[in-house]
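In: Sequence first, predicted coordinates after that:
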Amino acid sequence: MKKVELEVINITQGFTQHHSYAVVLGEVKGKRRLPIVIGAAEAQAIAVSLENMTPARPLTHDLLKSMMDTFHVHLSEVVITNLMDGIFYSKLVCIFNGEEYEIDSRTSDAIALAVRYGCPLYIYGDIFDTSGIVLMEEPESNESIDIYATIQPTKAEIEKTDYSVYTNKELEKIMQEALMNEDYEKAATIRDELNKRENK
């Protein structure tokens, strides 16, 4: 099955759910983006490694990497293998004693390990075709946020929106506006609504 290589673009804080974040993956040779909603702990684990920070005590993913290195288990690649009910599924492809093993993993954990190993991160092409979002125009700022900062959402931002009342064309426009404002969580929600309609 065809695989598309991804890279971590940035991590943004969500507005519709407090303490939620989105890790934004980008197509290495293309303009498509893949926002994945993750929790605060997972966002911290990814950001710490991206920023080459060394915590006083090892985080869970640092400990796992240390154990894998100690026992000569090499992480060769991470693959996002499926999308069901808005949840991405992934596997770790590991090499041990010359044998290849595939281990089921939460996508956020898989990404946290991938950035620590510097190994390739892939997604199956058919999944990316349905879940990827084409970025029409690059936003002016590509800076990642400080995940330790607390951002208080406004009442309008936390108000839930019923996207089912919009037409597909209207949703596409709202999604592009969300992307330009770097509200990747909102864009992901709209993407899921559009995919749900296509599968009916």
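Out: Looks like it arrived, so ask away.
In: Quick check: pLDDT value at His19.
Out: Listed pLDDT for His19 reads 62.
In: What about Gln13, how many residues nearby?
Out: By the criterion of other Cβ atoms under 10 Å, Gln13 has 23 neighbours. Any C-beta I mention is one placed from the backbone N, CA and C, and that applies to glycine too.
In: could we number from 574 for the rest of this?
Out: Yep, numbering from 574; the last one is Gln586 now.
In: from memory it sits against Val610, does it?
Out: No: between Gln586 and Val610 there is no contact under Cβ atoms under 8 Å: 10.9 Å.
In: Next one: Ile700 from Leu752, what distance?
Out: Ile700 sits 19 Å away from Leu752, going by Cβ to Cβ, to the nearest Å.
In: In terms of neighbours, single out the busier of those two.
Out: Counting neighbours by other Cβ under 10 Å for Ile700 and for Leu752 shows that Leu752 has the greater number, 23 against 20.
In: Then that one would be within a helix, right?
Out: Yes: counting by DSSP: H, G, I helix; E, B strand; the rest coil, Leu752 is part of a helix.
In: Might one say that it is in contact with Leu708?
Out: Yes: in terms of Cβ under 8 Å, Leu752 counts as a neighbour of Leu708; the distance is 5.9 Å.
In: okay, and the common contacts of these two?
Out: Counting by Cβ atoms under 8 Å, 6 or more residues apart in numbering, the common neighbours of Leu752 and Leu708 are Arg606.
In: related to what we said a few turns ago, shared neighbours, Gln586 and Val610?
Out: By Cβ under 8 Å, 6+ apart, the residues touching both Gln586 and Val610 are Ser593, Tyr594.
In: Which parts of the chain are strands?
Out: Here the chain has its strands, by DSSP state E, at 576-586, 593-600, 605-612, 647-657, 660-669, 672-679, 694-697, 706-707.
In: In TSV: those, plus distance to Leu636.
Out: Shown next, in TSV, are the strands of the chain (distance: least, Cβ to Cβ, whole Å):
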stretch	distance to Leu636
strand 576-586	21
strand 593-600	21
strand 605-612	18
strand 647-657	14
strand 660-669	15
strand 672-679	15
strand 694-697	21
strand 706-707	34
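In: Confidence-wise, which of those strands is weakest overall?
Out: Lowest mean pLDDT within those: strand 706-707, at a mean of 85.
In: With that, I have no additional questions.
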